[in-house]
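K.L.:
Okay, here's the prediction I keep looking at, along with the sequence it came from:
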Amino acid sequence: MTNFLWDLYQHQQIRDAKADARAAAESVGARADREMDRLRDRVDSLTLTNLAMWTLLRDKLGVKDEELEKRVRELDLLDGVQDGKLSAGPWNCEKCKRPNSQRQRRCLYCGHERAASNPFPMV
Ligand SMILES: [Zn+2]
């Protein structure tokens, strides 16, 4: 009888664990969907703003499409790879001089905060 009760208890534990795992997976999926929507909205907004700036330059200053394409290629090659992306290399800490990832605002080694003087650190 004790074994039977123990087995029932174990089966219930397994069912509960499966339900918890299903709920956690759904939660992660829903969070990922929300984040994807947020990023998509942000890209759409940046694309619209970029298009507005480009058409202003073209219409008001007479900048040609070829000049824009040439500049895009030049900027793309700043990191040495023509891949259609801007990617800055590591930044060197002003205090300890060690290299840090661009994703880090503070030095991993000494905690010194990076100066935010250039909004485009790769140019
Ligand atoms: Zn440092």
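P.N.:
Received the coordinates, thanks.

K.L.:
What parts of the protein come near the ion?
P.N.:
Along the chain, the residues adjacent to the ion under the rule CB under 5 Å from the ion are 93, 95-96, 107, 109-110, 112. For the C-beta atoms, the positions are set from N, CA and C on the backbone; glycine is no exception.

K.L.:
Now render those residues as a markdown table, adding secondary structure, neighbour count and pLDDT.
P.N.:
Listed next are the residues of the chain next to the ion as a markdown table, based on DSSP: H, G, I helix; E, B strand; the rest coil; neighbours: other CB atoms under 10 Å; pLDDT from 0 to 100:
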| residue | secondary structure | neighbour count | pLDDT |
| --- | --- | --- | --- |
| Cys93 | coil | 20 | 93 |
| Lys95 | coil | 12 | 95 |
| Cys96 | coil | 13 | 97 |
| Cys107 | coil | 20 | 95 |
| Tyr109 | coil | 13 | 96 |
| Cys110 | coil | 13 | 97 |
| His112 | coil | 14 | 95 |
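
K.L.:
Show me what the helix or strand of the chain with the lowest mean pLDDT is packed against.
P.N.:
Within the chain, no helix or strand scores below strand 91-92, which has a mean of 87 by mean pLDDT, DSSP states H and E. Using 3 or more CB pairs under 8 Å, 6 or more residues apart in numbering; DSSP states H and E, the elements in contact with strand 91-92 are strand 99-100.
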